[in-house]
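Enquirer: everything below, folded, please.
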Amino acid sequence: MSETIAEILAERIRRHGPIPVAEYVATALYHPELGYYTGHDPFGLGGDFTTAPEISQIFGELIAIWCLLAWQAMGAPHRVILAEIGPGRGTLMADLLRTARIRPDFAQALEVVLVETSPALRNRQAQTLDGEAVHWVERIGQVPAGPLLVVANELFDALPIRQFVHQGGVWHDRLIGLDAEGGFQFRVGAVVTRPDLPAEAPEGAILERGEAGEALAAGLGRRLADSLGAALLIDYGPTRSGIGETLQAVRHHQYHPVLTAPGQADLTAHVDFARLGAAAAAAGARVEGPVPQGRFLSRMGIEERARMLMEAATPEQAAHLASGARRLIDPGEMGTLFQVLALASPSLPPLPGLAPQGSSAL
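Expert: Numbering: from 1, shown residues only. Okay, here's the model as predicted:
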C-alpha cells in the first residue's frame, strides 16, 4: 500500500523534528505524486470549491476585455505572451480566448502559455482548451521573453505561508509536530527577530507571511520593469496587513480541520495585498489597486454584459446569469472579500478598472 501525505509528514517529523507550517502546506498541496493539486481536479460542485470562472462566463469575458485594453495601452504589439498562472480547469482561459476573437488582430497576437505543475489539471485544461494553440510550463520563469500579459485568479491564496506566534513578548516560528497519539499539532519554535514583525502584539497572537507569494510578485515586478507588460492578480484577503490566523482547510465545500488528512483537503490563507504590492513595486513595477472585485467588475461592465446575455436567454438561463453576476459582485458574496491588484511596466498609462473614482480611465 502506498504512503499517504500524513504518513510522509509524520515520518519526516519523527526523523527531523517539528516542521514549519510552510513545509506542511507545500507538501500537502504540491507533493509531486500525492499532493492535493497534483493528482485530482478539486474544482466545481463535485470537488471542494468553486472559483469565479466556474460561476459565470462573464468573469472570463471581462478579463478578456481588460487584457485587450492593456494590450492596446502597450501599443498593440503584433505578438504578446498571455500567461495564466494556476489555470484551474482552463475555464477562464477558454472564455477569455473566445471573447478575444471580437478583435481578430488581438486574438492573432496572443501566444498562450499556461503555468501549471499538476499533471491532472494539465489534462483537464487540454480538454477544456481543445483546438486552442496553447502550451504549458511549470514556472513563471519559463515563460518566453517579450511583451507580456499575466492573469492569476485564486493563485496566491494556495501558496505556502509561514506563521509566527507571539509568546513571552517575542515572536517565534510556528511549527507542526506530533502529539502523544501521533496526530499533528502546532508547536512553538525558535525566537525570530526580523524588522517586518511588529514589536507589540497580544500574547498568543498569530502572524502570517506569504513569502512564496511575495517572491512571485517580486519576480513579476522584475519582469515588468525590464519588459513591457501588465499582470492582473485576483484573490481574497485584506487590503492592509494585519495580525491574525487565516490558514484554513476546505473539503467538499465545507470547512475541514487544517491538521487532519493533509493532502485530502484544500489549504488556503488570506492574501496580504499590501505586501504583494510592495514586493512588486520594490522590484520596479507600477502597482495599481487593490480594489474590491465587485467594484472592478462593475467598472468593466458586468451589469451591462449580464443584461445583454439575458435578453437572448431562456428564463432559466437568465436566472442563472443574474445569480452568477450577483455572486461575483455582491458585498455579501465575493464582491468585497476578493480584491484585484494590477502590476504594470512603469511606462504604461493607467490600466482599466482600477483607477480611482473620478479618473478618466474605465
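Enquirer: could you use CA atoms for every contact and neighbour count after this?
Expert: Fine.
Enquirer: keeping just the C-alphas, turn the helix or strand bottoming out on mean pLDDT in the chain into PDB.
Expert: One helix or strand of the chain scores below all others by mean pLDDT, DSSP states H and E: helix 36-39, with a mean of 85. This file holds the C-alpha atoms of helix 36-39, laid out as PDB (Å, rounded to 0.1, in the frame of the first residue of the first chain):
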ATOM      1  CA  TYR A  36      -3.800  17.700  -3.300                       C
ATOM      2  CA  TYR A  37      -3.400  19.600  -6.500                       C
ATOM      3  CA  THR A  38      -1.100  17.000  -8.200                       C
ATOM      4  CA  GLY A  39      -3.400  14.100  -8.600                       C
END
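Enquirer: quick one: distance of the helix or strand following it to the chain centre.
Expert: Remark: after helix 36-39, the chain's next helix or strand is helix 52-55, criterion DSSP states H and E. In this view, helix 52-55 has its centroid 14 Å away from the chain centroid, taken as Cα atoms, centre = their mean, to the nearest Å.
Enquirer: residues in contact with helix 52-55?
Expert: 44, 59-60, 91-92, 324, 328 (Cα atoms under 8 Å, 6 or more residues apart in numbering).
Enquirer: from these, which ones fall inside helices?
Expert: Those of the contacts of helix 52-55 mapping onto helices are 59-60, 91-92, 324, 328, per DSSP state H.
Enquirer: closest to Ile140 out of those residues?
Expert: Nearest to Ile140, judged by Cα to Cα, of these is Leu92 at 18.1 Å.
Enquirer: follow-up on the earlier one: what packs against the least confident helix or strand of the chain?
Expert: Using 3 or more Cα pairs under 8 Å, 6 or more residues apart in numbering; DSSP states H and E as the contact test, the elements touching helix 36-39 are helix 21-30, helix 119-128.
Enquirer: and Ala278, which of those helices is closest to it?
Expert: helix 21-30 (21.2 Å).
Enquirer: go through stretch 313-325 and flag the buried ones.
Expert: Buried residues in stretch 313-325, counting neighbours by 16 or more other Cα atoms under 10 Å, are found at 318, 320-322, 324-325.
Enquirer: on that earlier part again, any chance of the helices and strands packed on helix 36-39 in a markdown table, plus mean pLDDT?
Expert: Shown next, in a markdown table, are the helices and strands packed on helix 36-39 (pLDDT from 0 to 100):
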| stretch | mean pLDDT |
| --- | --- |
| helix 21-30 | 97 |
| helix 119-128 | 94 |
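Enquirer: just those helices: most buried one?
Expert: With neighbours taken as mean count of other Cα atoms under 10 Å, the helices and strands packed on helix 36-39 reach their highest mean count in helix 21-30, at a mean of 22.
Enquirer: need the CA coordinates for it. CSV is fine.
Expert: Provided in CSV are the C-alpha atoms of helix 21-30 (Å, rounded to 0.1, in the frame of the first residue of the first chain):
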residue,chain,number,x,y,z
VAL,A,21,3.8,25.5,8.6
ALA,A,22,5.0,26.4,5.1
GLU,A,23,6.6,22.9,4.7
TYR,A,24,3.4,21.2,5.8
VAL,A,25,1.3,23.2,3.4
ALA,A,26,3.7,22.8,0.5
THR,A,27,3.9,19.0,0.9
ALA,A,28,0.1,18.6,1.4
LEU,A,29,-0.7,20.6,-1.7
TYR,A,30,2.2,20.1,-4.1
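Enquirer: quickly find the element holding Gln185.
Expert: According to DSSP H and E, Gln185 maps onto strand 184-191.
Enquirer: between that strand and helix 21-30, how big is the angle?
Expert: Put simply, strand 184-191 runs at 140 degrees to helix 21-30, going by axes from the mean of the first three to the mean of the last three Cα atoms, to 10 degrees.
Enquirer: list the buried residues in strand 184-191.
Expert: Quick answer for strand 184-191 (16+ other Cα under 10 Å): 184, 186-189.
Enquirer: out of the contacts of helix 52-55, who's nearest Thr260?
Expert: Within the contacts of helix 52-55, proximity to Thr260 (Cα to Cα) peaks at Gly44, which comes in at 22.3 Å.
Enquirer: next, count neighbours for the closest residue to Gly177 other than its chain neighbours.
Expert: Nearest residue to Gly177 in three dimensions, chain neighbours excluded: Pro18, at 4.3 Å (Cα to Cα, 6 or more residues apart in numbering). By other Cα atoms under 10 Å, the residues close to Pro18 number 23.
Enquirer: what's the spacing between the residue sitting furthest away from the middle of the chain and Arg14?
Expert: Each residue of the chain has a distance to the centre, and by Cα atoms, centre = their mean the biggest one is for Ala180: 36.6 Å. Taking Cα to Cα, to the nearest Å as the measure, Ala180 falls 12 Å from Arg14.
Enquirer: what's the residue nearest to Gly177 sitting at in phi/psi?
Expert: Pro18 adopts backbone torsions of phi -50, psi 150, taken as degrees, to the nearest 10.
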